[in-house]
Structure formats: C-alpha cells, structure tokens
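Peer 1: Everything below, folded, please.
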Amino acid sequence: MIPEEARKRLRRIFGKNYREDLPHLITHGSDATRIFFMPDAVAFAEEEAQVAETLKLANQFGFPVIPRGSGTGFSGGAVPVKGGLVLSLTKMRRLIIDQENMVAVTEPGVITEELQREAEKRGLFYPPDPASLKNSTIGGNLAENAGGPRCLKYGVTKNYVLGLRVVLPTGEVIELGRGLQKNVAGYDLLGLFVGSEGTLGVITKAWLRLIPKPQVQRSMRADFSSVSDASRAATAVLTSGILPSALEFVDQKSLQAVGEYLKIEIEAGASLIIQVDGDEGSVKNQIEKLQRIISGFSPLKMVVAEAPEDEEQVWKLRRSISPAINRLKPIKVNEDIVVPRSLIPEAVDFIYSLGEKYGLLVVVFGHMGDGNLHVNFMIEEDQREETEKAVEELFSWIIENGGAISGEHGIGITKAKFLRAQLGDEAYLLMKKIKNLLDPNGILNPGKLF
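Peer 2: Numbering: from 1, shown residues only. So this is what the prediction gives:
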C-alpha cells in the first residue's frame, strides 16, 4: 500500500497524470500474459525529474514502483505483483534522429515502429523488430532486450545501444556512454541495464546506433513435408555463405491454423520464410543461390517474392500466426526457448510429446535461424495445472540440452522459478547481490526474476 502522505506528494509531482480511478488501475494491472494484479495507483511521467522524485519517495515510504511501457510483454515483467505505483513512461515521447552521426536519441515512450519509420525517412535503419513493434515502446524493448526475425543478421536491441540515462532505484541519475560509436571506458554498465527488466533502474533516455538502410530486400517461402527437412535446409542455407536477414520456421499446426484463418490451402509439415537484403545485384544472387540450395531438400513448394506486393504476401503468413492460433483455444500460454539449431527437430518432437502426454494442443513457430522457438500451449481454463507441468518439463529438457529458457521474452514472473537452474548457483547469487546493491530497499519492480 502507498501511505496517504506519499499519495499527497505523488499528486503534487504528477498533477492530473496521477490516477487512482478503477479504469486506470485495471488497465495497468496486467500485460500480454493476462496475469492480473491490482496496483494502488498509476502515474504517467513526462520528465526525468518526476521519475527521480518518485523513486526517492518510494524509498522513504517503502512502496513498490513498477516501470511500464505499453504492456506488450509475455513474461509478466510489468505487472504489479506487490501492488504499489505503476509508473508509466508512455508520455515520454521525444525523438531526435541525428542523421550525420547515425544516432537516434529517444525517450522510453517512443513506439518502436515510429523510430524505424523516422530513421528510414533519412535513409537509415534500426533493425530490431519485435512482433509487437507497432505497439511496444523503446523503453520496454531496452528493458527486455527485444529481438525479432531480423536479429539473425543484425542482432538484438543491446547491439544498438550507445548510451543511456538511467534513474537508479534510490533516485540518483547516471549517464552512460551517450552517442559515441566506440567507448570502452570502465565496466560495461550499459549491458547491465539492458535486459534488466526494470529491476535495476528506470531508463529515461537512450542513444541508439543506426545503420544505412539496405537498398533492397526480398523474401521467399519454402514448404517441406517435415520439420527435419526444413531444419536441414535451414542449416544448409546458413553454412552456404549467405546470412539472411530473417529465417523463420512455421510448424504444421500453425500452417493449418493460418490456412483456415486466411482461407487458403497449405499442405505442408513445416515452412521456412527467408529474407535477404543488400544491394540489388547481391540480393538477386542470394535468391538464386537459395533456390538451388533448397531444391536439394525436396521442397513441396517454393514461392519467391518478385515485387513488393509479393513480399507482403510471403510475410502475411508469418504475421497471421498469432491471430490464427488465438482462435484455437481461449487461453494461450506463450513460451520462448532457444536450442542449438541442430537440436530443433528433436526439440519440436519433445514439445509435441509433452502435448500428447498432458492432452494439450501445442503450436510451434519462431526464428529458426538462431534457434529461438515460440512454444504455444493453446488450452482451456481447466488445463492450467497440466500446462504448468508441461512447461516445467520443457524447461528442464532445454537446460539439460544446453539451451536457454528465454530468447527474447525475458524472465519476469512466469519463468522466475527456473532462473537459478538456468544460471547456476553462483551466477544467480551474483545477480541477487547486484540487485541488492542498487536497490537496497527492494522498491523497484519487486517480485521479478528472483
């Protein structure tokens, strides 16, 4: 609970941007997981000074503060598990594109797609492309170290962070790096805060690296009779000297759901969607080489985008997966895992065996190029207990086989009980020491990770 004296001060700090009405409390109590906890209040920051004052106040009165962007996360990282104040950063929307230095200077509330669009107007490119890019904020992307299909070639969010301004849990403000393309002075504190899920500080400004926009991009889709064939074809592509900008995998159940959703016929055991980019000549050569490589693995069908509208059609299948599978069952439990690419067929078989064991419908798709699969348990309300058991078995198998329990969704609350097994005792305890050092009173986003 937030004491009344603290509430009075919060009203002075935020004015009309401080809310305790039920509609605001309800809409800020959950994220994409649909897990709900009721906050005591919601405040919308417009300036860094408000964030710093709020955290100092929280330390004085001992109430939790939960930083939040658009609430598109899949691990419960922005839900107020212990009540307190949800601190929304969506009103901090300032954005500058420094074309000469190829740097974006952005506040945390800027929408990912807006940053990409503004960069591309100037012939520049910001590659990270999470599926939620039309809604997710840069602050949320930084907190979760967001990825997306293009991270195969271009890397994840952390690979584009040149500098940050961060309000520490005790209210002090630090500035790290600014917009320099090279800076190796001291420890890599930027890496500490990116992906920290709002537990170590509140990011109020970021300097992000931009690169030249590729001249051309082209995509193709290849259908196969089995996951094994698709996986072997993907490995052949990635060892051929071609590095696609994206290499996506779609399983049979996803294809069936999309076929029904789009009212098209898709007969395949698995599909690959591959995108390459660069100058016109190199892209043409890469597509021709891809066709030759994939032909060696007996594809059922190959479709190559010859025009922009064809490009749209190739990716329409991938973008339609989520709305298509959401129609299968009322509840989706969405996990993301990472395995070595060579283990993908074995991992998919194991995932399907869990579905059979516990009587669950399981759908698998994701980023085959980097081994990051999205495992979706489509369930009824009365199947939650079986789903929890299946997820526990899945994560145990992943860890035993050298994989990771999260590739881009973070840990939050949904995977917290598995983090120690993933990291090992010493690394896990070191992380807790860092948290306690920076947040001695445990006020910032409590209940996450640990």
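Peer 1: quick one: contacts of the helix or strand of the chain with the lowest mean pLDDT?
Peer 2: Sorting the helices and strands of the chain by mean pLDDT, DSSP states H and E puts helix 308-319 at the bottom, at a mean of 88. The contact list for helix 308-319 (C-beta atoms under 8 Å, 6 or more residues apart in numbering) reads 149, 217-221, 248, 250, 255, 258, 262, 266, 271, 273, 303-305, 365. Heads up, the C-betas are built off the backbone N, CA and C, glycines and all.
Peer 1: 7 Å instead?
Peer 2: Defining contact as C-beta atoms under 7 Å, 6 or more residues apart in numbering, one finds that helix 308-319 is touched by Arg218, Ser219, Met220, Arg221, Glu248, Val250, Val258, Ile273, Val303, Ala305.
Peer 1: which residues touch Ile331?
Peer 2: If a contact means C-beta under 7 Å, 6+ apart, then Ile331 has Ile379, Glu380, Glu381 as its contacts.
Peer 1: what about 8 Å?
Peer 2: Contacts for Ile331 (C-beta under 8 Å, 6+ apart) come out as Arg34, Met378, Ile379, Glu380, Glu381, Gln383, Arg384.
Peer 1: What's the local residue count around Arg34?
Peer 2: Burial of Arg34 is recorded as 11 neighbouring residues (other C-beta atoms under 10 Å).
Peer 1: Now do it against Glu114, distance only.
Peer 2: Distance from Arg34 to Glu114, counting by C-beta to C-beta, to the nearest Å: 26 Å.
Peer 1: How about Glu144?
Peer 2: Separation of Glu144 from Glu114 (C-beta to C-beta): 18 Å.
Peer 1: For the residue nearest to Val103 when sequence neighbours are not counted, give me phi and psi.
Peer 2: Nearest residue to Val103, sequence neighbours excluded (C-beta to C-beta, 6 or more residues apart in numbering): Gly179, at 4.3 Å. Here is the backbone geometry of Gly179 (degrees, to the nearest 10): phi -110, psi 30.
Peer 1: Repeat that for Leu133.
Peer 2: The phi/psi pair for Leu133 (degrees, to the nearest 10) is phi -60, psi -30.
Peer 1: per-residue confidence for the residue positioned nearest the centre of the chain?
Peer 2: The chain has Ala146 as the residue nearest its centroid, 3.7 Å off, counting by C-alpha atoms, centre = their mean. Listed pLDDT for Ala146 reads 96.
Peer 1: do the same with Glu380
Peer 2: Reported pLDDT at Glu380 in the predicted model: 96.
Peer 1: ok, it - contacts?
Peer 2: Contacts of Glu380 by C-beta under 8 Å, 6+ apart are Lys329, Pro330, Ile331.
Peer 1: Can you give me the distance of Tyr18 to Lys301?
Peer 2: Where Lys301 is concerned, Tyr18 sits at a distance of 57 Å (C-beta to C-beta).
Peer 1: Between these two, point out the one with more neighbours.
Peer 2: Neighbour count, other C-beta under 10 Å: between Tyr18 and Lys301, Tyr18 has more, with 20 against 12.
Peer 1: quick one, helices of the stretch 351-450 of the chain?
Peer 2: Taking DSSP state H, counting those that start in this stretch, the helices of the stretch 351-450 of the chain run over residues 384-400, 419-423, 425-438.
Peer 1: Go through the ones you listed and name the closest to Tyr352.
Peer 2: Minimum separation from Tyr352 across the helices of the stretch 351-450 of the chain (C-beta to C-beta) falls at helix 384-400, 11.0 Å.
Peer 1: Dump the closest one to CSV, keeping only the CA atoms.
Peer 2: Taking C-alpha atoms only, helix 384-400 is exported to CSV below (Å, rounded to 0.1, in the frame of the first residue of the first chain):
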residue,chain,number,x,y,z
ARG,A,384,-3.6,-24.8,-16.4
GLU,A,385,-2.2,-27.4,-14.0
GLU,A,386,-1.3,-29.8,-16.8
THR,A,387,0.3,-26.8,-18.7
GLU,A,388,2.4,-25.9,-15.7
LYS,A,389,3.7,-29.4,-15.6
ALA,A,390,4.4,-29.5,-19.3
VAL,A,391,6.3,-26.1,-19.1
GLU,A,392,8.4,-27.4,-16.2
GLU,A,393,9.4,-30.5,-18.2
LEU,A,394,10.1,-28.4,-21.2
PHE,A,395,12.4,-26.0,-19.4
SER,A,396,14.2,-28.9,-17.6
TRP,A,397,14.9,-30.5,-21.0
ILE,A,398,16.0,-27.2,-22.5
ILE,A,399,18.5,-26.6,-19.7
GLU,A,400,19.8,-30.2,-19.8
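Peer 1: Report the distance from that helix to the chain centre.
Peer 2: Distance, stretch centre to chain centre, for helix 384-400: 21 Å (C-alpha atoms, centre = their mean, to the nearest Å).
Peer 1: now swap in stretch 399-419 and tell me
Peer 2: For stretch 399-419, the separation from the chain centroid amounts to 13 Å (computed by C-alpha atoms, centre = their mean).
Peer 1: Next, the buried residues of that stretch.
Peer 2: For stretch 399-419, a neighbour-count test (16 or more other C-beta atoms under 10 Å) marks 399, 403, 405-415, 418-419 as buried.
Peer 1: what's the farthest-apart pair in the residues you listed?
Peer 2: Most distant of the buried residues of stretch 399-419, by C-beta to C-beta, are Gly403 and Ile413, 20.9 Å apart.
Peer 1: list the buried ones in stretch 335-347?
Peer 2: If you call a residue buried by 16+ other C-beta under 10 Å, then stretch 335-347 has these buried ones: Glu335, Asp336, Ile337, Val338, Val339, Arg341, Leu343, Ile344, Pro345, Glu346, Ala347.
Peer 1: wait, I meant stretch 49-57
Peer 2: For stretch 49-57, by 16+ other C-beta under 10 Å, it's Gln50, Val51, Ala52, Glu53, Thr54, Leu55, Lys56, Leu57.
Peer 1: Contacts only, for Trp397.
Peer 2: Residues in contact with Trp397 (C-beta under 8 Å, 6+ apart) are Ala347, Phe350.
Peer 1: care to break this structure down by domain?
Peer 2: Annotated domains of the chain cover 4-88, 95-212, 216-318, 328-425 [automatic domain parsing].
Peer 1: Glu346: which element?
Peer 2: Take DSSP states H and E as the rule and Glu346 turns out to sit in helix 344-358.
Peer 1: Could I get the average pLDDT for that helix?
Peer 2: The average pLDDT for helix 344-358 rounds to 96.
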